[in-house]
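> From the sequence below, what's the structure:
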Amino acid sequence: MRGDAMDGEFNELVSSIDTQGLLNPLTVKARDDKFEVIAGHRRYLAIAQLGWEHVPVMEYRGGEKLAEVAKVHENIIRERVKATDEARYYRKLLERHGIEPRELAKLLGKPKAFVEERLQILEYPDMLYEAVDKELVTLGIAKELYRMKDLRNFPETLGYIISSGGTVVQVKGWVDGWLQEAQFRAQSDDGANPIVSGVAYVEPEVVCELSGKKYKLSETKLLRVGWDVYEDLKAAVSDAA
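Numbers count the residues shown, from 1 in each chain. This is a model prediction of the structure:
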C-alpha cells in the first residue's frame with residue numbers, strides 16, 4: 001500500500017504479536033480452494049516471520065468490489081499511508097470498478113468531499129505533487145497553493161514555504177491576496193472598476209509598513225525580510241522623508 005517500507009514499525013508489530021498474540025483476526029476471502037487475505041497483510045507477514053502454523057481469521061463473503069475497498073480501507077486505517085498513495089489507490093478503485101467518488105466515499109465511510117480532495121492531489125502540478133509526496137508541505141498548505149493555478153508563481157512561493165515554513169492560515173492569506181490582485185489587474189485595464197458577481201469591485205487599499213502611506217493593492221508587493229533588515233529599511237525611509 002505504501003510507497004516506502006517502514007521496517008521499524010514492522011519490527012514493533014512482530015514483537016507485539018509475539019508477546020501479546022494476535023488481538024484482531026485476519027479477514028480472508030475464499031478463492032477457489034484457497035483463501036486470500038484482504039485485511040491484515042502486515043499482520044500476516046509478521047505471523048509468517050514468527051513461524052505460526054495456525055492463524056485466527058474471519059471469512060469475508062461480500063462482493064469483489066467491497067472486498068477490494070475493504071482491503072484498501074483497512075490498510076489506510078492501520079498504517080501510516082501518505083496522501084499521495086491514498087489518492088492513487090482511490091483512483092485505481094474508481095477505474096477498476098467504474099464507480100463515482102460518491103459511491104466510493106459511501107463504501108469507505110468517508111465524506112464525498114474527503115475522497116474528492118484526495119483525488120485532486122493527482123491534478124497538482126508536478127512540483128506541488130512531489131512536495132506533498134515527500135511530505136515537504138502539508139496537504140492543507142498544498143490545497144491552498146493549488147488555488148493559484150498560475151505556475152509562474154509556484155516555484156518562488158513553494159520554495160519559500162519549504163525553506164521558511166508557513167501555516168495554512170498564512171498561506172491562505174497569501175493566496176487570497178494574490179488572487180485578488182490578479183483579478184483586479186485582469187479586469188481593470190480600461191481604468192474602470194471591474195464588475196465582480198454583479199457588484200462594482202473597488203480595489204482595496206493597504207498601508208505601507210515602512211512609509212505609512214496608503215497604496216492600492218495592485219501597487220504593493222508582499223516581501224518577507226528579516227527583522228534587522230526591516231529596521232534598517234524603516235530607518236532609511238524615515239531619514240529620506
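> what's the longest helix along the chain packed up against?
When the chain is parsed with DSSP state H, its longest helix is helix 168-187. Where contact means 3 or more Cβ pairs under 8 Å, 6 or more residues apart in numbering; DSSP states H and E, helix 168-187 is packed against helix 139-146, strand 195-196. (C-beta placed from N, C-alpha, C; glycine too.)
> can you put the ones you listed in CSV and add mean neighbour count and distance to residue 14?
Compiled in CSV, the helices and strands packed on helix 168-187 are given as follows (neighbours: other Cβ atoms under 10 Å; distance: least, Cβ to Cβ, whole Å):
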stretch, mean neighbour count, distance to residue 14
helix 139-146, 20, 31
strand 195-196, 12, 60
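> weakest of those by average pLDDT?
Here those differ in mean pLDDT, and the lowest is strand 195-196 at a mean of 48.
> Next, the contact list for the most centrally placed residue in the chain, please.
For the chain, the residue sitting closest to the mean C-alpha position, by Cα atoms, centre = their mean, is residue 139 at 2.6 Å. Counting by Cβ atoms under 8 Å, 6 or more residues apart in numbering, residue 139 touches 83, 117, 121, 132.
> if you set the cut-off to 7 Å instead, what comes out?
Residue 139 is in contact with 83, 132, counting by Cβ atoms under 7 Å, 6 or more residues apart in numbering.
> What of residue 136?
Applying Cβ under 7 Å, 6+ apart, the residues near residue 136 are residue 162.
> how near is it to residue 110?
Distance, residue 136 to residue 110, using Cβ to Cβ, to the nearest Å: 25 Å.
> Residue 228 now?
48 Å.
> And those two? Which one has more around it.
Set residue 228 next to residue 110 and count neighbours by other Cβ atoms under 10 Å: residue 110 wins out with 16 against 8.
> wait, is the more buried one part of a strand?
No. Under DSSP: H, G, I helix; E, B strand; the rest coil, residue 110 sits outside any strand and is assigned coil.
> List the contacts of it.
Counted by Cβ under 7 Å, 6+ apart, residue 110 has zero contacts.
> same thing with residue 138?
By Cβ under 7 Å, 6+ apart, residue 138 has no neighbours at all.
> Recalculate using a threshold of 8 Å.
Contact analysis of residue 138 by Cβ under 8 Å, 6+ apart lists residue 168.
> Can you classify residue 27 as helix, strand or coil?
When classified by three-state DSSP, residue 27 comes out as strand.
> Alpha carbons of the strand or helix carrying residue 107, as CSV, please.
Assessed by DSSP states H and E, residue 107 sits inside helix 101-108. This file holds the C-alpha atoms of helix 101-108, laid out as CSV (Å, rounded to 0.1, in the frame of the first residue of the first chain):
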residue,chain,number,x,y,z
PRO,A,101,-16.4,9.3,-6.0
ARG,A,102,-19.7,9.5,-4.2
GLU,A,103,-20.1,5.7,-4.2
LEU,A,104,-16.5,5.1,-3.2
ALA,A,105,-16.9,7.6,-0.3
LYS,A,106,-20.0,5.7,0.9
LEU,A,107,-18.1,2.3,0.7
LEU,A,108,-15.2,3.8,2.7
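> Distance from the helix or strand just after it to the middle of the chain?
Taking DSSP H and E as the definition, the helix or strand that follows helix 101-108 towards the C-terminus is helix 112-120. Counting by Cα atoms, centre = their mean, to the nearest Å, helix 112-120 is centred 10 Å from the centre of its parent chain.
> now swap in stretch 25-32 and tell me
Distance of stretch 25-32 from the chain centroid (Cα atoms, centre = their mean) equals 33 Å.
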